[in-house]
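[1] please find the sequence and the predicted model below.
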Amino acid sequence: MGSVSERSAVAAGAGVVLGRVALSAVRKMATAGAFERTNYRGRRVSLAAGPALAMATSVAGGLGAADRGRGDRGRGDRGNVSAAALVAGLGAGAVGLYDDMAGRRPEHHAKGFRGHLRALREGRVTTGLVKVVGVSAVGLIAASMLPARGAAPHGRRPGRAYRALDLALGAGVIAGTANLVNLLDLRPGRALKASLILATPAILDALWGQGPTDHPRSTGGSAVAAGAAGAAAALLADDLAERTMIGDSGANAIGAVLGVAAAARSGLAGRAALLTGIAALTAASERVSFTEVIEATPGLRHLDRLGRRA
């Protein structure tokens with residue numbers, strides 16, 4: 001594959017195919033009733049889309065970013081992004097699945113990050129807190145695999161402090177995006193629609209960046225985002241129809257993979273700006289209901305309800 005757009009097209013197509021195949025496979029392998037949950041309207045819905053989305057978005061993103069060209073070998077560019085996408089998606093998905101499966105017990109119930117800390121002070125380790133720690137660790141590992149972007153001030157080689165800051169910001173973007181998408185997963189289709197919106201800038205960049213594989217835009221971030229978008233599109237109809245739900249497993253996974261895509265395409269300043277925005281939205285979620293804000297905003301309300309069952 002020569003251009004960024006070709007890599008992204010392959011990744012998006014793989015995401016669509018893998019999303020449908022993985023959903024069918026998870027449904028067949030699941031023990032009867034293991035993934036059945038009651039949604040906000042009291043309907044019984046399958047959580048099978050969660051692990052299916054985690055697998056599809058991770059593999060499709062990793063496939064699109066994988067090194068294949070003769071000029072790619074030994075550079076550690078897209079190959080690192082590919083590995084980071086796989087680690088972030090599968091790792092965050094696994095931690096989210098643990099929360100989906102074990103978090104139903106009363107002792108694990110807590111609302112928001114402060115609620116999990118309050119439970120810890122009471123001597124309870126909630127699955128939500130385990131998820132926060134686990135996703136943060138996954139974000140750190142994935143960020144360490146990403147190629148360095150930009151340069152240190154005054155043209156000097158990046159020192160330890162610069163590299164440490166770059167790593168911390170990258171990890172924050174990956175883990176923060178995973179958490180943010182999960183916070184939006186309160187209505188059918190909402191998290192998947194948000195994921196498609198988050199992937200759009202990288203996909204547009206791929207369409208405009210028609211250069212060869214060694215073009216600066218071809219670091220793999222665009223292909224990773226395209227793979228995630230393909231997987232989201234494949235599962236959106238079932239989510240909107242309330243046949244399935246993605247749960248923490250799917251939301252954390254696709255959010256983490258999109259975080260990898262964003263971090264891979266950003267330098268130090270870009271990562272800092274992204275993390276600031278993510279932190280602000282996360283802090284706001286502790287005080288304001290995203291659902292209430294969406295319902296009170298005409299444009300957002302229409303987009304949120306689009307395709308959903310009446």
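    Cool, the structure landed.
[2] can you tell me the element the spatially most central residue of the chain falls in?
    In the chain, the residue lying closest to the centroid (Cα atoms, centre = their mean) is residue 255, at 1.6 Å. Using DSSP states H and E, residue 255 sits within helix 247-264.
[3] give me the helices and strands touching the next helix or strand after that helix, please.
    Note on helix 247-264: by DSSP H and E, the next helix or strand toward the C-terminus is helix 268-285. Helices and strands touching helix 268-285, by 3 or more Cβ pairs under 8 Å, 6 or more residues apart in numbering; DSSP states H and E, are helix 160-184, helix 247-264. For the C-beta atoms, the positions are set from N, CA and C on the backbone; glycine is no exception.
[4] ok, back up a step: and the pLDDT at the nearest residue to the residue nearest to the centre of the chain once chain neighbours are set aside?
    Closest residue to residue 255 apart from its sequence neighbours, by Cβ to Cβ, 6 or more residues apart in numbering: residue 181 at 3.2 Å. Note on residue 181: pLDDT of 97.
[5] return the residues in contact with residue 181.
    191, 194, 195, 198, 251, 252, 254, 255, 258 (Cβ atoms under 8 Å, 6 or more residues apart in numbering).
[6] again with residue 203
    8, 12, 222, 225, 226, 229.
[7] do residue 85 as well
    58, 61, 62, 65, 142, 220, 224, 227, 257, 260, 261.
[8] one more: residue 207?
    Contacts of residue 207 (Cβ under 8 Å, 6+ apart): 5, 8.
[9] got the buried residues for the helix or strand where it lies?
    Using DSSP H and E, residue 207 sits within helix 190-208. Within helix 190-208, the residues that count as buried by 16 or more other Cβ atoms under 10 Å are 190-196, 198-199, 202-203, 205-206.
[10] mind checking what secondary structure the residue lying closest to residue 237 once chain neighbours are set aside has?
    In this structure, residue 237 finds its nearest non-sequential neighbour in residue 307, 7.7 Å apart by Cβ to Cβ, 6+ apart. Applying DSSP: H, G, I helix; E, B strand; the rest coil to residue 307 yields a three-state assignment of coil.
[11] residues touching residue 307, list them.
    Contacts of residue 307 by Cβ under 8 Å, 6+ apart are 189, 236, 237, 240.
[12] likewise for residue 242?
    Contacts of residue 242 (Cβ under 8 Å, 6+ apart): 39, 41, 43, 45, 188, 309.
[13] quick one: it from residue 49, how far?
    11 Å (Cβ to Cβ, to the nearest Å).
[14] same question, residue 133
    Distance from residue 133 to residue 49, by Cβ to Cβ: 25 Å.
[15] which one's more surrounded, these two?
    residue 49 (29 against 14; other Cβ atoms under 10 Å).
[16] does residue 166 touch residue 271 like I think?
    Yes: using Cβ atoms under 8 Å, residue 166 is in contact with residue 271, at 7.1 Å.
[17] looking at these two, which one has more neighbours?
    Set residue 166 next to residue 271 and count neighbours by other Cβ under 10 Å: residue 271 wins out with 27 against 23.
[18] the nearest residue to that one once chain neighbours are set aside: how many residues sit nearby?
    Spatial nearest neighbour of residue 271, excluding adjacent residues (Cβ to Cβ, 6+ apart): residue 169 at 3.8 Å. Neighbours of residue 169 under the rule other Cβ under 10 Å: 23.
[19] which residues touch residue 169?
    263, 268, 271, 272, 275.
[20] residue 226 now?
    7, 8, 9, 11, 12, 15, 61, 64, 199, 202, 203, 206.
[21] three-state assignment of residue 287?
    Strictly by three-state DSSP, residue 287 counts as coil.
[22] would you turn the contacts of residue 181 into JSON lines with distance to residue 86?
    Shown next, in JSON lines, are the contacts of residue 181 (distance: Cβ to Cβ, whole Å):
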{"residue": "191", "distance to residue 86": "21"}
{"residue": "194", "distance to residue 86": "22"}
{"residue": "195", "distance to residue 86": "18"}
{"residue": "198", "distance to residue 86": "19"}
{"residue": "251", "distance to residue 86": "18"}
{"residue": "252", "distance to residue 86": "15"}
{"residue": "254", "distance to residue 86": "13"}
{"residue": "255", "distance to residue 86": "15"}
{"residue": "258", "distance to residue 86": "14"}
